[in-house]
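J.: one predicted model, sequence on top.
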Amino acid sequence: MALKIIDSSRYRYLVECENVINFWFILKYLVDTPYLKNYIVKNYEGGNTLVSREAWKEEGIMFKEIKPSVFLFPYDSIGFVLDDSIHNARIIIVDNYSEDINHEVENELLINVQNTDKLIISLQKEKMPVFVSLYLLSYMKLGFDKTFLNSLAKVLTPIQYDNTIQLEYISSSFSISLKGISFIIKVVNEDKEKVFYKIGYYKKKCRREQIKEEKVRTLGYLKKKILSSNMYYYILYYFLMALGLILIFLFFRKIFYFLVIFSILAYIINRFLRKNAYRIFSGTEKIVNGDNGN
């Protein structure tokens, strides 16, 4: 899923993307002094909401129900929500809660989770490069440290976000070599113009190079481009894929088992490399995607 800028005001962006970022990373890198903030939680649906409020209190969770189904959490207890399997929630981060203030407008950050998979976030414009960096690294399932994150944010800062409607990681473009880590992103502006950037990371520094679409030759991008040109291509592609696997299983069972084992091993190795490649080309700070970042 591409990252979409669905609204822009003088000081803020409203962004929609896939819900792949660890919420603790959002607090650590996008919120100033998160431990001093108050957290308003609305429309909350998750595993915790299946039990009573009394059960929350018995667990020692500090919260106040300021309105029906509207909760105020301090930092010490917000992990109760952030670590939950959230289906829906609207989390508003403020310095101090007041009934006289419209915190839907006056806030430092607003996080809206919809149907588990969709994340809509309202953030200050100067935080946008860091958020985009967090999204890309999380979407690619890459481990990262502060050096990697800050360097990536630096090369993404010159992008004209006011004129951008969509930013997308190009599928299958991630690679690791002696030259470092590299991947390609696509930026679409208001005029539907597409700009492609190749991002590289080596010796603790990211570099950005604008490239032509003709140089984007990844199988994932070419497949998506071909299949999106006609809806019937999708049907034909997946039908032939399923048919091929069935035929291999029926007539070449040993090859089928080999492919299954090879795919599992390739997946494990790929995940390991993605989680740890940054250590080779960056510093030694151990922040791996999936930790809470505290």
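T.: Looks like it arrived, so ask away. The model shown is predicted, which means the values in this text are computed figures rather than measured ones. Residues are numbered from 1 along each chain as shown.

J.: mind checking the longest helix of the protein?
T.: helix 253-281 (DSSP state H).

J.: and that helix, what's its mean pLDDT?
T.: Mean pLDDT, computed over helix 253-281, is 87.

J.: output the contacting helices and strands for it.
T.: strand 180-189, strand 194-202, helix 231-251 (3 or more Cβ pairs under 8 Å, 6 or more residues apart in numbering; DSSP states H and E). Placement of C-beta: from N, CA and C, glycine included.

J.: could you rerun that using 6 Å?
T.: The elements that helix 253-281 packs onto, with contact taken as 3 or more Cβ pairs under 6 Å, 6 or more residues apart in numbering; DSSP states H and E, are helix 231-251.

J.: what about the nearest residue to K215 once chain neighbours are set aside, how many residues close to it?
T.: Once flanking residues are discounted, K215 sits nearest to F196: 7.6 Å by Cβ to Cβ, 6 or more residues apart in numbering. F196 has 19 neighbouring residues, counting by other Cβ atoms under 10 Å.

J.: R10 too?
T.: Around R10 there are 5 residues (other Cβ under 10 Å).

J.: what about it, which helix or strand?
T.: In this assignment (DSSP states H and E), R10 forms part of neither any helix nor any strand.

J.: please tell me how far it sits from V187.
T.: Counting by Cβ to Cβ, to the nearest Å, the gap from R10 to V187 is 22 Å.

J.: show me the helices in the protein, by range?
T.: Remark: helices assigned in the chain by DSSP H are 23-30, 53-58, 75-82, 128-139, 146-156, 219-228, 231-251, 253-281.

J.: now those helices in TSV, with distance to L14 and mean neighbour count?
T.: Converted to TSV, these look like this (distance: least, Cβ to Cβ, whole Å; neighbours: other Cβ atoms under 10 Å):
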stretch	distance to L14	mean neighbour count
helix 23-30	14	21
helix 53-58	31	12
helix 75-82	21	18
helix 128-139	11	22
helix 146-156	18	20
helix 219-228	26	13
helix 231-251	30	11
helix 253-281	30	13
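
J.: which residue of the chain sits farthest from its center?
T.: In the chain, F251 marks the outermost C-alpha relative to the chain mean, sitting 41.5 Å out by Cα atoms, centre = their mean.

J.: how is the protein divided into domains?
T.: Following automatic domain parsing, one finds the domains of the chain at 1-15+125-294, 16-124.

J.: so where's the stretch 101-250 of the chain uncertain?
T.: 219, 221-225, 227-229, 234 (pLDDT under 70).

J.: end-to-end on stretch 149-163?
T.: For stretch 149-163, the first-to-last residue distance is 24 Å (Cα to Cα, to the nearest Å).

J.: quick one, what contacts the residue nearest the centre of the chain?
T.: For the chain, the residue nearest the mean C-alpha position is Y135 (3.3 Å; Cα atoms, centre = their mean). For Y135, the contact set (Cβ atoms under 6 Å, 6 or more residues apart in numbering) comprises 3, 17.

J.: ok, back up a step: so what's the residue nearest to K215 up against?
T.: Shown in contact with F196 (Cβ under 6 Å, 6+ apart): 186, 211, 213, 216.

J.: and what of V132?
T.: V132 is in contact with L156, counting by Cβ under 6 Å, 6+ apart.
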